[in-house]
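Asker: got a sequence here, can you model it:
(one chain, ligands or ions: 1)
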Amino acid sequence: MSTNETEANKYLDMDLLRFTTAGSVDDGKSTLIGRLLYDSKSIFDDRMEAIEESSKKKGDEYTNLALLTDGLSAEREQGITIDVAYRYFSTPERKFIIADTPGHVQYTRNMVTGASTANLAVILVDARNGVIEQTCRHAFIASLLQIKHIVLCVNKMDLVDYSEEQFHKIKDEFKTFSSKLDVPEIHYIPISALYGDNVVEESDNMPWYKGSTLLYTLENVQVSGDYDHVDSRFPVQWVTRPQSTEYPDYRGYAGQIAGGVFKPGDEVVALPSGFTSEIKEIHTFENEEEEAFSPMSVTMTLEDDIDISRGDMIAKPDNQPTVGQDIDMMVCWLNKEPLDPHGKYAIKHTTKDARCVIKEVKYKVNINTLHRVEGDKEIGLNDIGRIKIRTTKPLFYDSYKRNRKTGSIIIIDEYTHETVGAGMIL
Ligand SMILES: Nc1nc2c(ncn2[C@@H]2O[C@H](COP(=O)(O)OP(=O)(O)OP(=O)(O)O)[C@@H](O)[C@H]2O)c(=O)[nH]1
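Answerer: Next up, the predicted model:
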């Protein structure tokens with residue numbers, strides 16, 4: 001690990017793991033999350049009592065753990081979870097943020113929303129059904145979103161008599177599919193979310209399984225190498241000018257660092273102007289900082305008054321992002337109305353708002369085979385395809401693979417202002 005990385009780790013919240021859950025309807029995501037919270041004793045006692053009451057009323061013979069996570073009561077009556085819900089829990093080892101995403105086919109967009117900041121994806125499959133289209137879709141999206149760690153949980157092992165053979169069959173199926181994906185680390189765990197096997201406690205029912213429990217895996221997966229500590233990128237969110245008589249010339253540049261390291265005294269370049277200066281001071285809300293790293297939110301001041309506004313980027317002269325208006329990317333389409341192959345859209349890239357026109361739809365991906373779909377180029381809801389756009393203003397970008405912040409673009413409908421696509425720059 002380089003010095004930069006070691007230093008950066010001090011500032012990154014290494015105790016924190018963000019993960020997302022994915023699976024098909026009824027694969028048991030809510031039950032699993034409930035089990036994690038319950039067995040790791042992360043639930044407040046009063047909530048627990050309310051749930052036990054509610055389970056009794058419904059005549060459940062066991063405490064219905066899905067009730068812990070299935071937010072709104074109206075949703076619960078419908079029996080489906082309909083939006084991404086963020087949940088927090090912690091163990092002595094680590095803090096966790098879960099983006100709990102629903103399993104319906106039409107809700108792939110929620111997975112994209114939930115997974116875009118995740119370090120890890122827990123993908124559930126029902127031990128009776130094995131790998132299905134949804135499993136492949138979710139794994140593909142996770143890989144597209146550059147999630148480096150997947151845990152494939154084969155759930156409901158109790159319904160297949162805790163069969164080692166069935167587990168291995170599913171594991172092999174997923175291995176074959178995932179060998180085509182760009183995910184460096186995949187764990188396979190046989191579990192029963194309902195009864196708690198291998199979730200927090202090791203299972204007596206599956207002595208043949210010698211691996212770790214889900215919680216142990218989540219506590220120990222290494223994520224520090226997943227961040228871009230190399231390319232210094234600071235998209236300017238806003239410029240502060242207090243106009244005080246004491247400091248009439250004060251200009252502070254505020255935003256969140258998207259990559260690399262910045263220190264007072266560093267030479268920096270502002271884009272698009274290309275003017276250079278030196279960093280004078282870096283402040284966070286509480287402190288003056290000697291160094292700042294992604295994902296810190298800071299205000300910087302420079303030695304010279306160069307022209308910088310919202311949407312500009314501060315970088316290092318010897319390592320600048322690509323500047324361009326013709327952009328090649330993979331897009332995951334999130335809207336009922338398909339992508340208009342010659343349409344105009346609004347876009348958001350880091351702190352910059354711009355507009356774009358679609359220049360070309362290169363191809364659509366068949367999510368099961370990962371091959372190009374021949375002939376059909378219509379990119380509709382939940383489809384993934386490769387497109388080329390031209391933007392009205394130059395963007396300062398990196399490939400998504402290199403930097404998830406400077407490499408992603410949100411596509412917005414100009415009239416409804418809805419997010420219609422999530423783009424990953426190639
Ligand atoms: N036998 C058995 N049943 C399970 C297990 N895990 C979940 N279930 C049951 O499967 C059903 C669906 O579980 P949920 O946790 O609501 O599923 P979900 O994936 O969250 O479903 P949505 O919220 O609709 O996306 C419920 O009846 C659970 O009790 C398991 O390990 N074994």
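Asker: who touches the helix or strand harbouring E360?
Answerer: Using DSSP states H and E, E360 maps to strand 352-364. Strand 352-364 has contacts (Cβ atoms under 8 Å, 6 or more residues apart in numbering) with 235, 310-311, 326-327, 339-347, 372-373, 376-379, 383-393, 395, 411, 414. Heads up, the C-betas are built off the backbone N, CA and C, glycines and all.
Asker: just the CA atoms of stretch 308-318, as PDB, please.
Answerer: Taking Å, rounded to 0.1, in the frame of the first residue of the first chain, the C-alpha atoms of stretch 308-318 are listed here in PDB:
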ATOM      1  CA  ILE A 308     -13.700  29.200 -10.400                       C
ATOM      2  CA  SER A 309     -17.400  28.600 -10.200                       C
ATOM      3  CA  ARG A 310     -19.800  25.800  -9.400                       C
ATOM      4  CA  GLY A 311     -19.400  22.800 -11.700                       C
ATOM      5  CA  ASP A 312     -15.700  23.500 -12.300                       C
ATOM      6  CA  MET A 313     -13.100  21.000 -11.100                       C
ATOM      7  CA  ILE A 314      -9.900  21.400  -9.200                       C
ATOM      8  CA  ALA A 315      -7.200  18.800 -10.000                       C
ATOM      9  CA  LYS A 316      -3.500  18.500 -10.200                       C
ATOM     10  CA  PRO A 317      -1.600  19.800 -13.200                       C
ATOM     11  CA  ASP A 318       0.200  16.500 -13.800                       C
END
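Asker: for it, which positions count as buried?
Answerer: For stretch 308-318, the neighbour count (16 or more other Cβ atoms under 10 Å) marks I308, G311, D312, M313, I314, A315, K316 as buried.
Asker: next, the fifth one: phi, psi?
Answerer: Looking back up the chat, that one is I314. Torsion angles at I314 (phi, psi; degrees, to the nearest 10) stand at phi -100, psi 130.
Asker: list the contacts of the closest residue to it other than its chain neighbours.
Answerer: Nearest in space to I314, with sequence neighbours left out and distances taken as Cβ to Cβ, 6 or more residues apart in numbering, is F234 at 4.1 Å. Shown in contact with F234 (Cβ under 8 Å, 6+ apart): Y253, G255, I257, A258, F262, M300, M313, I314, A315.
Asker: quick one: F234 from A315, how far?
Answerer: Applying Cβ to Cβ, to the nearest Å, the value for F234 to A315 is 7 Å.
Asker: count the residues that sit near the closest residue to F275 other than its chain neighbours.
Answerer: Nearest residue to F275 in three dimensions, chain neighbours excluded: I306, at 4.0 Å (Cβ to Cβ, 6+ apart). Using other Cβ atoms under 10 Å, I306 is surrounded by 17 other residues.
Asker: touching, I306 and A270? I think so.
Answerer: Yes: I306 is within contact range of A270, at 5.6 Å (criterion: Cβ atoms under 8 Å).
Asker: where do the contact lists of those two overlap?
Answerer: Common neighbours of I306 and A270, using Cβ under 8 Å, 6+ apart, are T276, S277.
Asker: at which residues are the helices of the stretch 301-426 of the chain located?
Answerer: Remark: helices of the stretch 301-426 of the chain are absent; assignment by DSSP state H, counting those that start in this stretch.
Asker: for the ligand, what is the nearest residue in the stretch 301-426 of the chain?
Answerer: Residue nearest to the ligand within the stretch 301-426 of the chain: N382 (15.9 Å; Cβ to the nearest ligand atom).
Asker: helices of the stretch 51-200 of the chain, start to end?
Answerer: Secondary structure of the stretch 51-200 of the chain (DSSP H, counting those that start in this stretch): helices located at 66-69, 73-78, 108-115, 133-144, 164-178.
Asker: worst mean pLDDT among those helices?
Answerer: The weakest mean pLDDT among the helices of the stretch 51-200 of the chain belongs to helix 73-78, with a mean of 36.
Asker: any regions of the stretch 51-200 of the chain where pLDDT drops low?
Answerer: Filtered on pLDDT under 70, the stretch 51-200 of the chain yields the residue ranges 51-85, 101-116.
Asker: touching, V365 and H371? I think so.
Answerer: Yes: applying Cβ under 8 Å, one finds V365 in contact with H371, separated by 7.5 Å.
Asker: who's more crowded, the two?
Answerer: Legend: neighbour count by other Cβ under 10 Å for V365 and H371, higher for V365 (19 against 11).
Asker: any idea how far G23 is from that one?
Answerer: 21 Å.
Asker: where do the domain boundaries of this structure fall?
Answerer: 3-226, 233-315, 322-425 (automatic domain parsing).
Asker: first-to-last residue distance for the second one?
Answerer: So the one you mean is domain 233-315. Across domain 233-315, the terminal residues are separated by 5 Å (Cα to Cα, to the nearest Å).
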